[in-house]
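> this is a predicted model, with the sequence first.
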Amino acid sequence: MSLRYPKNSIKILTANSHPELSKLISKRLNIPLSNIKALELANNENAILVGESVRDEDVYIIQTGCGGYEKLNDYIMELLLMVHACRTASARKITAVIPNFPYARQDRKDKSRVPISAKLVANLLTTAGCDHVITLDLHASQIQGFFSIPVDNLSAEPNVLKYLQSHFEDKNSVILVSPDVGGAKRVASLADKLDTTFALIHKERAKANVVSKMVLVGDVTGKACILVDDMADTCGTLCKAADLLTEKGAKEVLAIVTHGIFSGNAIMKLNQSNLTKIVCTNSMPLNNIQDLCPKLEVIDISGILSEAIRRLHNGESVSYLFNNAVV
């Protein structure tokens, strides 16, 4: 895709979370990344320097939620400082492009005296001066309601559907599986478009990120099972689900997720699991993970994000992207 814009009409900024994705988006849009320095000072403070004018420009800041606890918070702070720097430099409109929204799993008050952290992140972005947010497959779509500014929650579903159609021609040999009840709606939608059946797994957690019990609802005997989820973090759920499906007679088990976080020893778990393949998008920096995990395959979502930026900048609808793959 090669696009042309009037001079000085749009700026694309990137910090340190995922420069590879930013370069892919920049290349697709034929717009160079703006000159910006995002530094960490000796006292661990973040410092931002925008090296060119953004006055009266449409600014798109690409920063995904990734890294360990400390790094993740650094990246959030970088994003807030970049938004504020552009706001005080008289940018016309500031859009934060956040493929993996940080703290998205802390979206409700499920225990006494716990914060609704996703709401806090939304407030911080708005207060910093953000005018618009683009994100991808929010853990809970109602997070959009935490914002007082427009939020476009894009979906990787069209690209996932295209991948499945190209790799599994016999739809009767395939069954989609939700690894938890919360993802049933996502899997049901995908199964309907793929015209195949689906099953789900009910899981009970002893504590966060630790699954104590799993119960399968559905028949997977002799089928290729495809586990569908929005993110793979410690991968404990996916690996246990693969064990359960194999035990119940599945021919093979694959996993397809939007956000490949792969925290802790997740890669070791995947390599030792019953999963034959795990597919994720490049919404997160994967670095050398593909070398460490031969089961991993990546779907490029830079096309979705770049097309969303193009459409927003030109005042076009983005609803096309919910039903059509961009490769």
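Noted; the coordinates are in hand.

> which residue lies nearest the spatial centre of the protein?
Central residue of the chain (C-alpha atoms, centre = their mean): residue 100, 3.7 Å from the mean position.

> my guess is that one contacts residue 285, does it?
No. In this structure, residue 100 is not within contact of residue 285 by C-beta atoms under 8 Å, at 10.3 Å. The way it works is simple: take the backbone N, C-alpha and C, and place the C-beta from them, glycine included.

> where do the contact lists of these two overlap?
Shared contacts of residue 100 and residue 285 (C-beta atoms under 8 Å, 6 or more residues apart in numbering): 64, 66.

> separation between residue 242 and residue 259?
19 Å (C-beta to C-beta, to the nearest Å).

> what does residue 67 give?
From residue 67 to residue 259 the distance is 13 Å (C-beta to C-beta).

> between those two, which one's more packed in?
With neighbours defined as other C-beta atoms under 10 Å, residue 67 and residue 259 compare such that residue 259 has more, 26 against 20.

> the more buried one is in contact with residue 285, isn't it?
No. Look at residue 259 against residue 285 with C-beta under 8 Å: they stay out of range, at 11.2 Å.

> returning to that earlier point: mind checking pLDDT for the residue nearest to the centre of the chain?
Residue 100 is assigned a pLDDT of 96 by the prediction.

> where do the strands of the protein begin and end?
Remark: strands assigned in the chain by DSSP state E are 10-14, 36-40, 46-50, 58-62, 93-98, 132-136, 151-154, 174-178, 197-207, 210-217, 224-232, 252-260, 277-281, 296-299.

> okay, those strands in JSON lines with distance to residue 115 next?
Converted to JSON lines, the strands of the chain look like this (distance: least, C-beta to C-beta, whole Å):
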{"stretch": "strand 10-14", "distance to residue 115": "29"}
{"stretch": "strand 36-40", "distance to residue 115": "26"}
{"stretch": "strand 46-50", "distance to residue 115": "22"}
{"stretch": "strand 58-62", "distance to residue 115": "25"}
{"stretch": "strand 93-98", "distance to residue 115": "19"}
{"stretch": "strand 132-136", "distance to residue 115": "20"}
{"stretch": "strand 151-154", "distance to residue 115": "20"}
{"stretch": "strand 174-178", "distance to residue 115": "28"}
{"stretch": "strand 197-207", "distance to residue 115": "18"}
{"stretch": "strand 210-217", "distance to residue 115": "21"}
{"stretch": "strand 224-232", "distance to residue 115": "20"}
{"stretch": "strand 252-260", "distance to residue 115": "22"}
{"stretch": "strand 277-281", "distance to residue 115": "28"}
{"stretch": "strand 296-299", "distance to residue 115": "33"}
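
> worst mean pLDDT among those?
strand 210-217 (a mean of 76).

> all helices of this protein, in order?
19-29, 69-88, 117-128, 157-167, 184-194, 236-247, 266-272, 289-292, 302-313 (DSSP state H).

> can you redo the ones you listed as JSON lines with distance to residue 222, mean neighbour count and mean pLDDT?
JSON lines is the format used below for these (distance: least, C-beta to C-beta, whole Å; neighbours: other C-beta atoms under 10 Å; pLDDT from 0 to 100):
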{"stretch": "helix 19-29", "distance to residue 222": "39", "mean neighbour count": "19", "mean pLDDT": "96"}
{"stretch": "helix 69-88", "distance to residue 222": "42", "mean neighbour count": "19", "mean pLDDT": "92"}
{"stretch": "helix 117-128", "distance to residue 222": "41", "mean neighbour count": "18", "mean pLDDT": "97"}
{"stretch": "helix 157-167", "distance to residue 222": "18", "mean neighbour count": "17", "mean pLDDT": "93"}
{"stretch": "helix 184-194", "distance to residue 222": "18", "mean neighbour count": "17", "mean pLDDT": "91"}
{"stretch": "helix 236-247", "distance to residue 222": "12", "mean neighbour count": "21", "mean pLDDT": "92"}
{"stretch": "helix 266-272", "distance to residue 222": "24", "mean neighbour count": "17", "mean pLDDT": "94"}
{"stretch": "helix 289-292", "distance to residue 222": "31", "mean neighbour count": "13", "mean pLDDT": "89"}
{"stretch": "helix 302-313", "distance to residue 222": "35", "mean neighbour count": "22", "mean pLDDT": "95"}
